[in-house]
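Enquirer: show me the folded form of this:
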Amino acid sequence: MTDYFEYQHTVGFEETNLVGNVYYVNYLRWQGRCRELFLKTHAPDVLSDLQDDLKLFTLKVDCEFFAEITAFDELSIRMRLIELAQTQLEFGFDYVVTHSDGIDKLVARGRQRVACMRGPNTRTVPARVPESLVKALQPYTAAVPV
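Expert: Residues are numbered from 1 along each chain as shown. This next block holds a predicted model:
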């Protein structure tokens, strides 16, 4: 078993600029998509809770680039839990181009800090990270490789 949750994605033309490189914002979109698919797969009750009064606020995102990617690259976005606090989580993301020959290439690395809040939109207050989410993330708590 791997120590990361994986979202596999094929880069499309609409995600590139005129030169053919992927737009920066797509790396951030893929972080969000990876996180959403994790919830759908491993913590669906949290999705139900989001329909009620739980809110997951993204406080901070970043991404560091090591190589460029282009349309039709096969990409693996690998998410790990970096830090777990009472009301916040920090995720790490590795962006890896996968090749049929089995040689993968790390092309970028990102982070995302999320706060849990509850209440109506006008009066949200910090809330504990749901226990089911904490349990679902346990297998994915390995440190990000250096």
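Enquirer: contact partners for the residue nearest to Thr10 when sequence neighbours are not counted?
Expert: Distance criterion C-beta to C-beta, 6 or more residues apart in numbering; nearest residue to Thr10, sequence neighbours excluded, is Glu74 at 5.8 Å. C-beta coordinates here come from the backbone N, C-alpha and C atoms, glycine included. By C-beta atoms under 8 Å, 6 or more residues apart in numbering, Glu74 lies in contact with Gln8, His9, Thr10, Val97, Thr98, His99.
Enquirer: which strands or helices does the longest helix belonging to the chain pack on?
Expert: Longest helix in the chain by number of residues (criterion: DSSP state H): helix 24-42. Helices and strands touching helix 24-42, by 3 or more C-beta pairs under 8 Å, 6 or more residues apart in numbering; DSSP states H and E, are strand 5-10, helix 44-51, strand 54-65, strand 74-84, strand 88-97, strand 105-118, helix 131-137.
Enquirer: wait, which of the ones you listed is closest to Asn21?
Expert: Closest approach to Asn21 among the helices and strands packed on helix 24-42 (C-beta to C-beta): strand 54-65, 9.9 Å.
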